[in-house]
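# Fold the following, please.
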Amino acid sequence: MSNDVLVARPDTTDMARAHAVIRQAFASVVELLGSVEGNDAAQVSRIATYYSTVLLFVRIHHEGEDELLWPRLRERCPAAAATIEHAAEQHEQLLGDLASAESLLVAWQSDPAIDRAAALAAGLAVLGANLTMHLDDEERTILPLVEEHLTVEEWDQLPAHGSLQWRQRAPHLRWLVIGLLREQQSAELRARIEASWPEALREYWSGEGERTYRDFIAGLRG
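Next up, the predicted model:
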C-alpha cells in the first residue's frame, strides 16, 4: 500500500470564469457603444457603469495576483522564472492601456459625442486585445503552476482579496460583480457558492441584489 498522502490541489476553473467576464465585456464594446444614442442618458449611464465596473474588476484582479500569486510562484518555481516574469510584466504593460480606457470612459460619459465614443471604442479595443493575449497566456502557462505549487488555502486568498477590495472601493457595485460572475457559473456551482455565503449576503442578493442586476442587464443588452 502506498504511503503517499493525497493533497487537495487548487481548482483554478474559478479564474477561468473571472476571465470569461472580462472577455465577454470587451467582446461587447462595438455592439454597446455602436447602438447607443448620445441623448439616451439612461443607456449612457448603464454602459458607463458596466465598463467602469469591468475596468475596476481588471484592476483588482491583477492587484491580487501581483500581491498573492507572483511572489509565491517566483519562490517555488525557479525553473519557470521566465514564464512567471513574462506574465507579471504583462500586468505592468497593461496599466497604461487600463488608465487610458478609464480616462476615455469618463470623458465619454460626460459628453457622449460620436468622436468620444469612437475614441473610447478604440481604447477599449486596444486594452481588450492586449488583455486577451495575457489571459490566454495565463491560462496556458500560469494556472498549471498554481495547481502544482499552491495550496487550496493560498489560492482561496485571491477571491478573499477581491471581495475585500470591492467592499472598500465600490460596495455600491457588488450586485453587478456578483451577477456577472454568476452568469459564468452552472446552476449547481451557483447553489454551492451561495450556500457558503454569510446570511447577510444571501439576504441581500435574494432581496435586492439579483433584481437590481436583472433589471440592469435587461436595459443594457436590450
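
# give me the element the residue most central in space within the chain is part of.
Residue closest to the mean C-alpha point of the chain, counted by Cα atoms, centre = their mean, is residue 57 at 4.3 Å. Assigned by DSSP states H and E, residue 57 belongs to helix 41-68.

# residue boundaries of the helices in the protein?
Assigned helices in the chain, in chain order: 13-27, 29-35, 41-68, 70-76, 81-110, 114-137, 143-149, 152-169, 174-183, 187-195, 199-204, 210-221 (criterion: DSSP state H).

# about what we covered before: tell me the helices and strands packed up against the helix holding residue 57.
helix 13-27, helix 29-35, helix 81-110, helix 152-169, helix 174-183, helix 210-221 (3 or more Cβ pairs under 8 Å, 6 or more residues apart in numbering; DSSP states H and E). Where C-beta positions appear, they are placed from N, C-alpha and C, glycine not excepted.

# hmm, back to that, tabulate the helices of the chain (JSON lines), appending distance to residue 7.
What follows is the helices of the chain, written out as JSON lines (distance: least, Cβ to Cβ, whole Å):
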{"stretch": "helix 13-27", "distance to residue 7": "18"}
{"stretch": "helix 29-35", "distance to residue 7": "42"}
{"stretch": "helix 41-68", "distance to residue 7": "19"}
{"stretch": "helix 70-76", "distance to residue 7": "14"}
{"stretch": "helix 81-110", "distance to residue 7": "22"}
{"stretch": "helix 114-137", "distance to residue 7": "27"}
{"stretch": "helix 143-149", "distance to residue 7": "11"}
{"stretch": "helix 152-169", "distance to residue 7": "9"}
{"stretch": "helix 174-183", "distance to residue 7": "27"}
{"stretch": "helix 187-195", "distance to residue 7": "22"}
{"stretch": "helix 199-204", "distance to residue 7": "30"}
{"stretch": "helix 210-221", "distance to residue 7": "37"}
